[in-house]
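K.L.:
What would the 3D arrangement of this be:
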Amino acid sequence: MMTNLFSIFEPSSSIFNLSTNWVSTFAGLFFIPYIYWASPARWSMLWSKINLTLHKEFKALLLPSHTGSTVLFVSIFSLIVFNNFLGLLPYVFTSSSHMAMTLSLSLPLWFTLMLFGWINHAKHMFAHLVPQGTPFALMPFMVLIETISNVIRPGTLAVRLAANMIAGHLLLTLLGGTGPSLSTTLVLLLLSAQILLLILESAVAIIQSYVFAVLSTLYTGEIN
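P.N.:
Numbering: from 1, shown residues only. Predicted coordinates for the structure are as follows:
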């Protein structure tokens with residue numbers, strides 16, 4: 001019997017007392033090498049086209065000197081979207097719903113950007129703290145507000161991704177748990193609702209991956 005609703009997100013599978021749930025984080029990497037040694041399939045051509053489109057979009061958000069960084073953000077998008085989709089499969093651990101994984105992506109990225117910006121472009125970073133046209137009396141408050149908004153960026157990135165993945169999985173679990181006590185007609189309605197929710201979760205998996213990558217790109221674009 002499930003004593004805690006959030007226990008569905010806890011690691012439980014193990015081999016020789018070694019947790020294997022986090023292996024699913026890198027399971028998406030097994031799909032990538034197939035593109036390079038096999039004949040191009042439709043899904044691989046589609047994935048290549050998606051990567052090229054993302055590269056062009058991220059390139060437009062960056063300075064010409066930083067366009068090589070698009071490889072990093074496309075890779076982050078690929079990692080997150082693989083994890084989100086694998087988490088929709090039964091008995092697969094959803095690592096992207098854990099702050100341990102989302103913070104591990106956002107915090108080092110934000111910290112390196114801040115370190116690079118303050119070392120190489122200190123004046124520009126100070127200028128970002130006071131928007132143009134701010135009255136002199138409001139400048140101290142604007143510096144405080146901009147500093148706080150800058151510091152919480154990795155947390156907002158991590159919480160946004162984890163919370164959206166948890167919310168959908170919890171809703172699917174809550175609705176699925178009511179099935180045994182329902183009549184046949186209501187079970188059919190419940191099944192239809194679950195299918196619609198699964199489609200919605202698939203869309204959320206893509207959208208949240210894209211939002212994470214785009215916001216990371218925008219934060220990088222400010223360091224110039």
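K.L.:
Show me where this structure has its helices.
P.N.:
34-37, 42-61, 70-86, 99-120, 122-128, 139-151, 153-177, 184-221 (DSSP state H).
K.L.:
Could you pull up the residues touching residue 140?
P.N.:
Applying Cβ atoms under 8 Å, 6 or more residues apart in numbering to residue 140 gives no contacts. Quick note: C-beta positions are derived from backbone N, CA and C, even for glycine.
K.L.:
quick revisit: deepest in the core, which of the helices of the chain is it.
P.N.:
helix 70-86 (a mean of 20; mean count of other Cβ atoms under 10 Å).
K.L.:
So which elements touch it?
P.N.:
helix 42-61, helix 99-120, helix 184-221 (3 or more Cβ pairs under 8 Å, 6 or more residues apart in numbering; DSSP states H and E).
K.L.:
so which of the helices of the chain comes closest to residue 23?
P.N.:
Residue 23 sits nearest to helix 70-86 of all the helices of the chain, at 10.6 Å, using Cβ to Cβ.
K.L.:
contacting residues around the nearest residue to residue 83 once chain neighbours are set aside?
P.N.:
Computed as Cβ to Cβ, 6 or more residues apart in numbering, the closest residue to residue 83 that is not its neighbour in sequence is residue 96, at 4.3 Å. Residues counted as contacts of residue 96 (Cβ under 8 Å, 6+ apart) are 80, 83-84, 87, 102, 161-162, 165.
K.L.:
Please identify which pair of the residues you listed lies farthest apart.
P.N.:
Maximum distance among the contacts of residue 96 (Cβ to Cβ): 12.6 Å, for 87 and 102.
K.L.:
how far out from the middle of the chain is stretch 68-77?
P.N.:
13 Å (Cα atoms, centre = their mean, to the nearest Å).
K.L.:
er, stretch 157-170 I mean
P.N.:
Per Cα atoms, centre = their mean, the centroid offset for stretch 157-170 relative to its chain is 9 Å.
K.L.:
Then stretch 72-79?
P.N.:
Taking mean C-alpha positions (Cα atoms, centre = their mean), stretch 72-79 and its chain are 9 Å apart.
K.L.:
What lies in contact with it?
P.N.:
Contacts to stretch 72-79, defined as Cβ under 8 Å, 6+ apart, come from residues 25, 28, 32, 51, 54-55, 58, 105, 109, 209-210, 212-213, 216-217, 220.
K.L.:
same thing with stretch 210-224?
P.N.:
With Cβ under 8 Å, 6+ apart as the criterion, stretch 210-224 contacts 54, 57-58, 61-63, 66, 69-70, 73-74, 76-77, 80, 105-106, 109-110, 113, 116-117, 121, 124-125, 128, 153, 157, 160-161.
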